[in-house]
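A.B. asks: Here is my input, please return the structure:
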Amino acid sequence: MDSKVPTFDADKEKIKRFLQEYQAAKDVPGYGTRQKYLEMMQRVSNRLATLFIVDLEDLELFDEDLADAVRNNTKRYEELFAEVIDEIKMPPTVELTDRSVLDITIHHRQQLAQMAAAQAGEAAPTTPYYPASLQRRFSIAFHTSPSLKPSKIRGIDAQHIGKLVKVRGIVIRATPVKPSLAVATYACEMCNQELYHEIKGPTFMPKMECSSQECATAGRKGRLNLVMRGSRFERFQELRIQEMASDVPPGSIPRAMTVHLRGHQTRSASPGDVVTITGIFLPMPNQGYRAIRIGLLTTTYLDAHLVEQEKIAHADHVLTMAEREEIEERASEPSTYEQLAASLCPHIYGHDDVKKALLLLLVGGVDRSLRDGMTIRGHIHMCLVGDPGVAKSQMLKAICDFAPRAVYTTGRGSSGVGLTAAITKDPLTNELVLEGGALVLADMGVCCIDEFDKMDEGDRTAIHEVMEQQTVSIAKAGITTTLNARTSVLAAANPLYGRYNPKKTATQNINLPAALLSRFDLLFLLLDRPDTEADLRLAKHIAYVHTHESFPPLEHPPLDKIFVRNYISVAKSYSPFVSPELTDFIVGIYVHMRQEEAKDKEVSTYTSPRSLLGVLRLASALARLRLSERVDQADVEEALRLIHASRVSLEEHRTAKAPKKDPKMEIFQIIQHISDGGELSVQVEEARARAQARGFTPEQFDDCLDEYEKLNVWQINQTRTRLDFIIQ
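C.D. replies: Sure thing, here's the model as predicted:
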């Protein structure tokens, strides 16, 4: 026999040397030593770790042939690594306080054996046999290089059976976590001996007759009973992942793959998450009638070793001190708000106020929980209604890219069940289970609904409860429950006639029920109107993007995408409050908006108490962007400006043919309205806030003050804090 032919015994010696002798180039973070595998074995022995991670990059530096063997026969070498660790068996250096049921059972069996031997006057028995898989408190996981590009799901075929593969996809289904029997323990009724059965597949045939030496000598067949407390169970979950839309060839449908998660890997992904999974591609033998029907064909699955999520939730973000200091330094700059908004979709021209509103939607307001148990949502809802070709869908796609948890769907391709929840059968247990729809999958994220106007009215009503109560109530097939749907809804729709008809009112053009429109905090109307200067700038922008495959230089340079995500995660950790001093200002603004709406008989929007809550949500989001725990008056003024900007777009069609009013005259009317109660003095700051809430700039306000002061309509004190009307 050629000595160069590799054997498993020789490989076990290599594995033993690798675990005991491998040293990294420097101290490994988290281990504090270069011999990380010795430290890892010590942690496993001390019951401080249940996962033993083997990095194939380290193994390749130690022995390339052994690393190749692990990649090509991973399941067998997973067992070899576990056997070597059991043989080394480092003694614990701390007192083991976390004792499981199996530890207590094994210790109890040993005490009984010693007591029986002492009563019979015999020598103490040796330690009884227990299978290694019953005593083992760890699992082996192989990790590949992070730089290794994941394979497509449709690229995994028969040649990868038994090998370590890395695939990328989106989770479309996840079963509940349930215990799976790993080692079955039986007790004989005749001889009282225990037998063990290691379960390798998804099913097994329980043993019925005792096969111990004592029963065989006595010529009897003892009956076996399954001992649940002495058996070993492990957590098990099944995922179904589907290949990404970018990986699907033209004219094909997406392929899917089943993934098995065990132990520590369970609950590491939820439906809707984009994940990269490293695992062993294995066949699943068919049994019973299914094996007869299918014949030689086998079902395959991926035994997961590592599950990595592409987008980490804001609550799970862990930033270094340097990153946090950079964010805090950036927050103090005055142009940060504009830069963050410009970073969302810099390739889209214009729509500055819409981008700012989208930034506030990502940050969100603060959820308020009252003492009586009632909750007030903090998530911001927004609707974009506009002509074709104004980049509504592109902005929705950009938000899906930035949000750590986002679901994109269309109105015509969605049903009420698809948006809320459906009753399906569990493929493993055949039980009726609830499977969440788009709004449930987007919990604590963003749900983008394109072509909102194409949705059937019956299906659209399913969104009403989600947008205000943030829940989905289900009463189907004997299942009555309430699911969380704490999501921000971002909808895009076209006008009723395809393009906006200026001869119709805004309500007739939008054609959405008032009960639904009132739930949106912001409603923007994006119109495509001929304008020579604007068309020229837009055409230059599009030509530059197509020529250079990048966006042109902008007034506010966009920030890095990772930095924006980190900034938003830090901002969401703040919970700003509204001071009592600011309450009077907000109340006055709301009452003024209601009075102005009552005077205008042709108003196209409706101000309700939900509008006031929307102002508070937007102001809280602005305070979060400043990394502040307090909402300032400037935040409320900017929130009012955004609301006014959205309503100006709704009312532009009414003033397009009418002569434009002088801004100075309109500001004068605002100041005059403040003094309607008979007051001859007006505070300048109050008048300035009212004017900015109506969309006027500080320069226009100052010009109005100077103009009417020259006309001797009022006088302004030297500090410019109060103006007094002159009675003539």
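
A.B. asks: In contact with Asp63: list those residues for me.
C.D. replies: Residues near Asp63 by CB atoms under 8 Å, 6 or more residues apart in numbering: 14, 18. Any C-beta I mention is one placed from the backbone N, CA and C, and that applies to glycine too.

A.B. asks: Against Ala462, how distant is it?
C.D. replies: Taken as CB to CB, to the nearest Å, the spacing of Asp63 relative to Ala462 amounts to 59 Å.

A.B. asks: tell me the mean pLDDT for the biggest strand by length in the chain?
C.D. replies: Secondary structure assigned by DSSP state E gives strand 224-242 as the longest strand of the chain. Taken as a whole, strand 224-242 carries a mean pLDDT of 87.

A.B. asks: Next SSE downstream of it?
C.D. replies: Beyond strand 224-242 in the direction of the C-terminus, DSSP states H and E gives the next helix or strand as strand 256-262.

A.B. asks: Val545 versus Pro530, what's the distance?
C.D. replies: For Pro530, the distance to Val545 under the criterion CB to CB works out to 22 Å.

A.B. asks: Those two: which is more packed in?
C.D. replies: Val545 (16 against 6; other CB atoms under 10 Å).

A.B. asks: ok, for Leu483, nearest residue in space, not its chain neighbours?
C.D. replies: Nearest in space to Leu483, with sequence neighbours left out and distances taken as CB to CB, 6 or more residues apart in numbering, is Val472 at 4.4 Å.

A.B. asks: quick one: the helices in the stretch 1-150 of the chain?
C.D. replies: If DSSP state H, counting those that start in this stretch is used as the criterion, the helices of the stretch 1-150 of the chain fall at 8-21, 36-45, 56-62, 64-72, 74-88, 101-120, 132-135.

A.B. asks: try the stretch 351-500 of the chain
C.D. replies: Listed in chain order, the helices of the stretch 351-500 of the chain (DSSP H, counting those that start in this stretch) span residues 352-363, 392-402, 416-419, 438-441, 457-460, 462-469.

A.B. asks: Quick check: which ranges of the stretch 501-650 of the chain have low pLDDT?
C.D. replies: Filtered on pLDDT under 70, the stretch 501-650 of the chain yields the residue ranges 505-506, 599-606, 648-650.

A.B. asks: All the strands of it, residue numbers only.
C.D. replies: When assigned using DSSP state E, counting those that start in this stretch, the strands of the stretch 501-650 of the chain occupy the ranges 522-526, 577-578, 630-631.

A.B. asks: what's the first one packed up against?
C.D. replies: Packing contacts for strand 522-526, counted by 3 or more CB pairs under 8 Å, 6 or more residues apart in numbering; DSSP states H and E, involve helix 352-363, strand 382-386, helix 633-655.

A.B. asks: Name every strand pairing with it and say which way it goes.
C.D. replies: According to DSSP bridges, the neighbouring strands of strand 522-526, each with its direction, are strand 382-386 (parallel).

A.B. asks: now swap in the second one and tell me
C.D. replies: Sheet pairing for strand 577-578, assigned by DSSP bridges, gives strand 630-631 (parallel).

A.B. asks: Please name the residues that touch the residue nearest the centre of the chain.
C.D. replies: Nearest to the geometric centre of the chain sits Arg405, at 2.9 Å (CA atoms, centre = their mean). For Arg405, the residues meeting the contact criterion (CB under 8 Å, 6+ apart) are 272-273, 311, 313, 442-446.

A.B. asks: Give me the lowest-pLDDT entry from the residues you listed.
C.D. replies: Comparing pLDDT over these singles out Ala313 as the least confident position, at 65.

A.B. asks: mind putting the contacts of Arg405 in CSV, distance to Leu51 and neighbour count included?
C.D. replies: As requested, the contacts of Arg405 are arranged in CSV below (distance: CB to CB, whole Å; neighbours: other CB atoms under 10 Å):
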residue, distance to Leu51, neighbour count
Gly272, 25, 19
Asp273, 20, 21
Lys311, 23, 16
Ala313, 22, 13
Ala442, 31, 27
Asp443, 28, 19
Met444, 27, 17
Gly445, 28, 22
Val446, 33, 26
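
A.B. asks: coming back round to it: list the buried ones in the longest strand of the chain?
C.D. replies: 224, 230-232, 236-242 (16 or more other CB atoms under 10 Å).

A.B. asks: go on, stretch 139-149?
C.D. replies: Counting neighbours by 16+ other CB under 10 Å, stretch 139-149 gives 139-144 as buried.

A.B. asks: I'd assumed Met41 was in contact with Ala49.
C.D. replies: No. Counting by CB atoms under 8 Å, Ala49 does not reach Met41; the two are 9.4 Å apart.

A.B. asks: Which of these two has more residues huddled nearby?
C.D. replies: Neighbours per residue (other CB under 10 Å) separate Ala49 from Met41, with Met41 holding more: 21 against 17.

A.B. asks: Which pLDDT value goes with the more buried one?
C.D. replies: With respect to pLDDT, Met41 has a value of 87.

A.B. asks: Test my guess that it contacts Ile88.
C.D. replies: Yes. Counting by CB under 8 Å, Met41 does reach Ile88; the two are 6.4 Å apart.

A.B. asks: export the strands of the stretch 501-650 of the chain to TSV and tack on distance to Asn494 and mean neighbour count?
C.D. replies: Rendered in TSV, the data for the strands of the stretch 501-650 of the chain read as follows (distance: least, CB to CB, whole Å; neighbours: other CB atoms under 10 Å):
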stretch	distance to Asn494	mean neighbour count
strand 522-526	10	23
strand 577-578	37	16
strand 630-631	36	19
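
A.B. asks: so which of those strands comes closest to Gln119?
C.D. replies: Gln119 sits nearest to strand 577-578 of all those, at 73.0 Å, using CB to CB.

A.B. asks: And the residue nearest to Leu483, how far from Glu666?
C.D. replies: Using CB to CB, Val472 is found at 45 Å from Glu666.

A.B. asks: okay, those two: which has more neighbours?
C.D. replies: Set side by side, Val472 and Glu666 give different neighbour counts by other CB under 10 Å, the larger being at Val472 (23 against 15).

A.B. asks: Pull the contacting residues for the more buried one.
C.D. replies: Applying CB under 8 Å, 6+ apart to Val472 gives the contacts 420-421, 437, 439-440, 462, 465-466, 482-485.

A.B. asks: Buried residues of stretch 454-473, list them for me.
C.D. replies: By neighbour count on 16+ other CB under 10 Å, the buried set for stretch 454-473 is 455, 459-460, 462-463, 465-468, 470-472.

A.B. asks: That one: end-to-end distance?
C.D. replies: The distance separating the two terminal residues of stretch 454-473, taken as CA to CA, to the nearest Å, comes to 24 Å.

A.B. asks: what mean pLDDT does it have?
C.D. replies: 81.

A.B. asks: Let the chain start at 2 from now.
C.D. replies: From this message on, residue numbering opens at 2, which makes the last subject stretch 455-474.

A.B. asks: doesn't Leu363 make contact with Leu341?
C.D. replies: No. Shown here, Leu341 and Leu363 do not form a contact pair, counting by CB under 8 Å, at 9.3 Å.

A.B. asks: okay, now Val490: neighbour count?
C.D. replies: Burial of Val490, expressed as a neighbour count using other CB under 10 Å, amounts to 24.

A.B. asks: In this structure it contacts Cys448, no?
C.D. replies: Yes. At 5.4 Å, Val490 counts as touching Cys448 under the criterion of CB under 8 Å.

A.B. asks: so which strand or helix has the closest residue to Val571 other than its chain neighbours?
C.D. replies: Once flanking residues are discounted, Val571 sits nearest to Ile328: 5.2 Å by CB to CB, 6+ apart. In the assignment (DSSP H and E), Ile328 maps to helix 322-332.
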